[in-house]
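# sequence? don't have it. structure:
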């Protein structure tokens, strides 16, 4: 189907703004420009509690934000890693989408502000993410969550981090209840169908993704490390069941399709859904499209089915 009308209008407004591409301006300016995305994320709906704290990370204390929809003991939990190409974004931008996901699912969500590239390249963001999962598991009773019903989730680069964390958890015999991956960037192959055919004109560009990967990996020495590039794992057997979301007009669509196929090949249950007419980033842009709410609610419903 064609671009949704509200998405087409959003892209036209973006193009008219004259904002530089990520590789065209100082990083401080690019990061400052992301403040505008607070408007597109929409208002934060009422939720029982949003709490902030710091936890110890491998190289620095890490800010986390806890979204608690109920006071129930032994609630299921999501450890969430936000997107932004491993370089951009922050927890405030996710308040609206996380509050809705928590309310609709009944899951407690723990989001972490991991350290960003290029100042903190791989493996630091990954190590921060994995350390957050271990901290949540160790503090399950304090957090009033069920240690047997903890999973990981993320969007874009955050979905790549979630995928990598799921791989390391499996490798260390840690059982996760699920992985929820929203338009993941799990490969560094820019010859895929969507990278080639949706390279420009749809918000996120193929050139931007090349730039983001360059900031994160800073060379090719990590290209075959599955904790850096999850698509390169030798096996996906025994990974947590997956919910995987893609957008029709997203350069990352093929990454999501291909990762779903690899998971299924190795016997991992996958619930896959492509949202037609949508672009990269739609999931958190509730002020732009009602489809964001539909997608969040879809993930919430699937999580409830998966975890029980």
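Thanks, I have the structure now. Bear in mind that the values here come from a model prediction, so they are computed numbers and not experimental data.

# Every contact and neighbour count from this point should use C-alpha atoms.
Will do.

# mind checking how far the closest residue to residue 175 other than its chain neighbours is from residue 227?
What sits nearest to residue 175 in space, not counting adjacent residues and going by CA to CA, 6 or more residues apart in numbering, is residue 169, at 6.9 Å. As judged by CA to CA, to the nearest Å, residue 169 and residue 227 stand 11 Å apart.

# Likewise for residue 292?
Distance of residue 292 to residue 227, given as CA to CA: 29 Å.

# who has more neighbours, these two?
Between residue 292 and residue 227, counted using other CA atoms under 10 Å, residue 227 has the larger neighbour count: 25 against 21.

# Test for you: state the pLDDT assigned to the closest residue to that one other than its chain neighbours.
Nearest non-adjacent residue to residue 227, counting by CA to CA, 6+ apart: residue 164, 4.7 Å away. pLDDT recorded at residue 164 is 99.

# which residues are in contact with the helix or strand harbouring residue 164?
Using DSSP states H and E, residue 164 falls within helix 157-171. The contact list for helix 157-171, computed with CA atoms under 8 Å, 6 or more residues apart in numbering, reads 80-86, 125-126, 129-130, 152-154, 175-176, 179-186, 226-230, 236, 238-240.

# Next step: the residues you listed restricted to helices.
Counting by DSSP state H, the part of those found in helices is 125, 126, 129, 130.

# Counting neighbours, which of those residues comes out on top?
residue 129 (29 neighbours).

# From residue 115, how far off is that residue?
With CA to CA as the criterion, residue 129 and residue 115 are 9 Å apart.

# residues contacting the residue lying closest to residue 273 once chain neighbours are set aside?
Distance criterion CA to CA, 6+ apart; nearest residue to residue 273, sequence neighbours excluded, is residue 245 at 5.1 Å. In this structure, residue 245 makes contact with 181, 182, 183, 256, 272, 273, 274, 275, judged by CA under 8 Å, 6+ apart.
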